[in-house]
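S.K.: sequence below, structure please.
(one chain, ligands or ions: 1)
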Amino acid sequence: MMKSLQSHKSDKEVVLITGCSSGLGKNLATHLIASKRYRVVVTARAKSLESVKSFFTESEDVMIRKLDVTDDAEISELINDICCHWGGVNILVNNAGICYRSVVEHMDIESEMIQLKTNYLGPMSLVRSVLPLMREQGGGRIINISSVSGMVSMPTMASYSASKHALEGATEALWYEARPYGIKVSLVEPGFINSDSFKHVVKSKKALLSASLKGPHSEYYESMTPFIEKLMQWTFATPDRISKKIERLMLMSSPPLRLRVTLDAVVFAFIKKVLPSSLFHRIMILFLPGAKHWGIPVLRFKTRRYKPRH
Ligand SMILES: NC(=O)c1ccc[n+]([C@@H]2O[C@H](COP(=O)([O-])OP(=O)(O)OC[C@H]3O[C@@H](n4cnc5c(N)ncnc54)[C@H](OP(=O)(O)O)[C@@H]3O)[C@@H](O)[C@H]2O)c1
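M.R.: Presented below is the predicted three-dimensional model:
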């Protein structure tokens, strides 16, 4: 049993989950609370705290707290609070995330920073806050929710992909660093999840403007946005199924560094492994809707003699 939790009169491990107001975070918190196996710290940004409090109920094993993962002061306040109440954190699930839908040219530094802070810098701050506690306790688990976008990049998702690639890279390094102290580190890689999260997609100012103007990148948005939304509605991968896989991961004595939790994630990982990257990208182009026409109207306008190569 981990040392510092013994004094807080429960054998149950303390799980801290970020981003519990919707989607996967909300579902996972629901599962873990129902299992009665853990003490769960359900967190959400201040703006969503009321709706979270109307869904979850605080109890001996459930704590509901405010947490914006981009706010270092809120992170340390929360960790102190958990330590006072329950003695520490045994399992951290870095779930909170946002997704910008914007081509590279339409991103700006401010938007890039929001994307990176939410999906990479914030989760890393949380990791740094819990590592000393876990080391002192003699072990723990860190589960970072990544994405297929952490292994593959798609047009209009550059910044999101960059944030998940960063999370993947750092988590892989952490796996080695935390191992000697009994801290088990995993990346959960979902592909498309059947949820409403596409409604939460964020657009940079220029991407928003581009939706109303015909510009060099209009076709990317026109084809990619409905394509991604459809894939999210058609997939069999629900937050419920993924939560069950994460629950099983939490019980593994030797959890894998990477857990692909949807069929498309398994397929993408396999194809990336076996195909040369030049071939992989050519195949991707064939499957991306409207890819043959991207940029063509603008190029036609600029030079009448332009002939598409496809
Ligand atoms: N949906 C997919 O198809 C998919 C695929 C692969 C990976 N993922 C990953 O899975 C995770 C969960 O996504 P989801 O599908 O459940 O999306 P979601 O329904 O949009 O949920 C995201 C959660 O993150 C919270 N959040 C956003 N910014 C935050 C911040 N600065 N601090 C704290 N919480 C914040 C949101 O809370 P607010 O109410 O405060 O906005 C919300 O609760 C994310 O890391 C995402 O990248 C999703």
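S.K.: S161: neighbouring residues, count only.
M.R.: Neighbour count of S161, defined by other Cβ atoms under 10 Å: 22. C-beta: built from backbone N, CA, C; applies to glycine.
S.K.: just the one 3 residues further on next, same as before
M.R.: The burial count assigned to K164 is 28, neighbours taken as other Cβ under 10 Å.
S.K.: what helix or strand is V127 on?
M.R.: helix 122-137 (DSSP states H and E).
S.K.: do the helix or strand that comes right after that helix and the ligand meet at all?
M.R.: Next in sequence after helix 122-137, counting helices and strands by DSSP H and E, comes strand 140-145. Yes. Strand 140-145 comes into contact with the ligand (Cβ under 6 Å from any ligand atom), by way of I145.
S.K.: the helix or strand following strand 140-145 packs against which elements?
M.R.: Using DSSP H and E, the helix or strand that follows strand 140-145 in sequence is helix 158-178. Contact here means 3 or more Cβ pairs under 8 Å, 6 or more residues apart in numbering; DSSP states H and E; on that basis helix 158-178 packs against helix 109-116, helix 122-137, strand 140-145, strand 183-189.
S.K.: and among the ones you listed, the most buried is which?
M.R.: Highest mean neighbour count of these: strand 140-145, a mean of 25 (counted as mean count of other Cβ atoms under 10 Å).
S.K.: what about that strand, average pLDDT?
M.R.: Computed over strand 140-145, the mean pLDDT rounds to 98.
S.K.: quick one: the strands in the stretch 151-300 of the chain?
M.R.: Secondary structure of the stretch 151-300 of the chain (DSSP state E, counting those that start in this stretch): strands located at 183-189, 258-260.
S.K.: tilt between the longest one and helix 158-178?
M.R.: Orientation check (axes from the mean of the first three to the mean of the last three Cα atoms, to 10 degrees): strand 183-189 against helix 158-178 gives 160 degrees.
S.K.: what sits up against strand 183-189?
M.R.: With contacts defined as Cβ atoms under 8 Å, 6 or more residues apart in numbering, strand 183-189 is touched by 131, 134-135, 139-148, 150-151, 167-168, 171-172, 174-175, 178-179, 242, 245-246, 249, 252, 254-261, 265, 269.
S.K.: run the last query once more with 6 Å
M.R.: Applying Cβ atoms under 6 Å, 6 or more residues apart in numbering, the external contacts of strand 183-189 come out as 134, 140-146, 171, 174-175, 178, 255, 258-261, 265.
S.K.: same question, the last one
M.R.: Taking contacts as Cβ under 6 Å, 6+ apart, the residues outside strand 258-260 that touch it are 186-189, 249, 266, 269.
S.K.: again with stretch 42-54
M.R.: 18, 20-21, 29, 56, 64-68.
S.K.: mind putting those into JSON lines with neighbour count, pLDDT and secondary structure?
M.R.: Putting the contacts of stretch 42-54 into JSON lines (neighbours: other Cβ atoms under 10 Å; pLDDT from 0 to 100; DSSP: H, G, I helix; E, B strand; the rest coil) gives the following:
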{"residue": "T18", "neighbour count": "26", "pLDDT": "98", "secondary structure": "coil"}
{"residue": "C20", "neighbour count": "30", "pLDDT": "98", "secondary structure": "coil"}
{"residue": "S21", "neighbour count": "20", "pLDDT": "97", "secondary structure": "coil"}
{"residue": "A29", "neighbour count": "29", "pLDDT": "98", "secondary structure": "helix"}
{"residue": "F56", "neighbour count": "19", "pLDDT": "98", "secondary structure": "coil"}
{"residue": "I64", "neighbour count": "19", "pLDDT": "98", "secondary structure": "strand"}
{"residue": "R65", "neighbour count": "19", "pLDDT": "98", "secondary structure": "strand"}
{"residue": "K66", "neighbour count": "17", "pLDDT": "98", "secondary structure": "strand"}
{"residue": "L67", "neighbour count": "26", "pLDDT": "98", "secondary structure": "coil"}
{"residue": "D68", "neighbour count": "21", "pLDDT": "98", "secondary structure": "coil"}
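S.K.: for C84, grab the count of nearby residues.
M.R.: Residue neighbour count, defined by other Cβ under 10 Å, stands at 9 for C84.
S.K.: cool, and T43?
M.R.: 30.
S.K.: tell me the contacts of the residue nearest to it when sequence neighbours are not counted?
M.R.: Closest residue to T43 apart from its sequence neighbours, by Cβ to Cβ, 6 or more residues apart in numbering: L67 at 3.7 Å. Counting by Cβ under 6 Å, 6+ apart, L67 touches 43, 74, 78.
S.K.: I'd say D68 and E74 touch.
M.R.: Yes. Judged on Cβ atoms under 6 Å, D68 makes contact with E74 at a distance of 5.5 Å.
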